[in-house]
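# next input, structure requested:
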Amino acid sequence: MKVFEFIGVPGSGKSTLTEEVIRSLENSGLKVASYSSIKNNLSFNRGNYFERVSNIMMFFIFILLNINIIYSIIRIVENKCKMDTIYYTYVFMRNLFQIYKLKKEYELVVLDEGFVQKLWSISINNKINFEDEGANLFEKIVNKLDLSYSLIFVEIDLQEAINRILARGKEKGRFNKLARSELESMLNKNYLELYMLSQSLREHVTLTLNGEYEVHVNKREVLAVIR
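Residues are numbered from 1 along each chain as shown. Down below sits the predicted model:
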């Protein structure tokens with residue numbers, strides 16, 4: 001299965017671009033899985049009783065078969081409180097499990113919130129461990145799930161990204177509730193540093209885009225690569 005993950009700081013435009021790309025691919029007749037395909041299927045309450053039990057059992061078997069991945073995730077988030085460590089590890093493994101299941105239905109997945117973006121988020125206060133373990137964990141995931149994984153970087157000026165975040169309003173997303181000074185501090189100290197630490201994943205980078213370009217310009221480049 002081919003996976004294309006858009007990655008960039010909040011406000012870079014990756015979500016809007018992802019939506020446009022998926023819409024174009026679907027209009028051309030391709031069956032495409034997205035982050036919503038994963039998120040909408042995370043609940044174990046779907047289906048009848050036997051389907052739910054079967055899904056839970058499959059998830060636990062998946063965990064047992066990928067215990068080395070769990071150890072790597074814990075290494076990255078180990079400086080958080082115990083409940084956060086458990087929560088982030090669980091959510092990450094649930095997402096991996098959904099990708100694993102989607103392989104049976106889809107040949108193409110396009111994500112604006114994939115493995116690398118999640119690794120950035122959960123390791124905000126643990127950059128050293130991300131540098132040591134992040135790339136290693138990513139390679140484990142790609143190899144274990146047998147994925148053709150491509151990263152599409154969306155780069156943007158920090159101040160422009162902040163302007164976009166503030167323009168969204170405070171009701172949408174955790175970053176929108178922050179003041180400009182807090183946003184600058186968070187993006188400078190966390191996301192941009194983690195972005196630099198991710199250079200070890202450069203061999204997976206298929207394309208680098210300018211987030212300040214018009215969406216249709218970037219979409220054309222992305223579609224040329226995916227198709």
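# the strands in this structure, which residues?
2-7, 32-33, 108-111, 148-155, 205-210 (DSSP state E).
# pick the most buried one from those.
For those, the largest average neighbour count (mean count of other CB atoms under 10 Å) is found in strand 108-111, namely a mean of 24. Quick note: C-beta positions are derived from backbone N, CA and C, even for glycine.
# show me what that one is in contact with.
1-6, 18, 21-22, 25, 30-35, 37-38, 99, 102, 117, 226 (CB atoms under 8 Å, 6 or more residues apart in numbering).
# find me the pLDDT at the residue positioned nearest the centre of the chain, would you?
Nearest to the mean C-alpha position of the chain, counting by CA atoms, centre = their mean, stands residue 114 at 1.8 Å. Predicted confidence (pLDDT) for residue 114: 83.
# any idea how far residue 31 is from it?
Distance from residue 114 to residue 31, counting by CB to CB, to the nearest Å: 18 Å.
# what's the angle from the longest helix anywhere in the chain to strand 2-7?
The longest helix of the chain (DSSP state H) is helix 82-102. Following axes from the mean of the first three to the mean of the last three CA atoms, to 10 degrees, one obtains 140 degrees for the angle between helix 82-102 and strand 2-7.
# so how far is helix 82-102 from its chain's centroid?
12 Å (CA atoms, centre = their mean, to the nearest Å).
# do stretch 105-113 as well
For stretch 105-113, the distance to the chain centre is 11 Å (CA atoms, centre = their mean).
# got the end-to-end distance for that stretch?
By CA to CA, to the nearest Å, the extent of stretch 105-113 from end to end equals 20 Å.
# between the strands of the chain, which one is nearest to residue 185?
strand 148-155 (20.1 Å; CB to CB).
# who does residue 205 form a beta bridge with?
residue 151 (DSSP bridges).
# my guess is it meets residue 154, correct?
No: look at residue 205 against residue 154 with CB atoms under 8 Å: they stay out of range, at 11.4 Å.
# what residues are shared contacts of the two?
By CB under 8 Å, 6+ apart, no residue touches both residue 205 and residue 154.
# where do the helices sit along this protein?
According to DSSP H, the helices that the chain contains are 14-27, 35-39, 49-65, 67-77, 82-102, 115-122, 127-129, 135-144, 158-167, 180-186, 192-197, 215-226.
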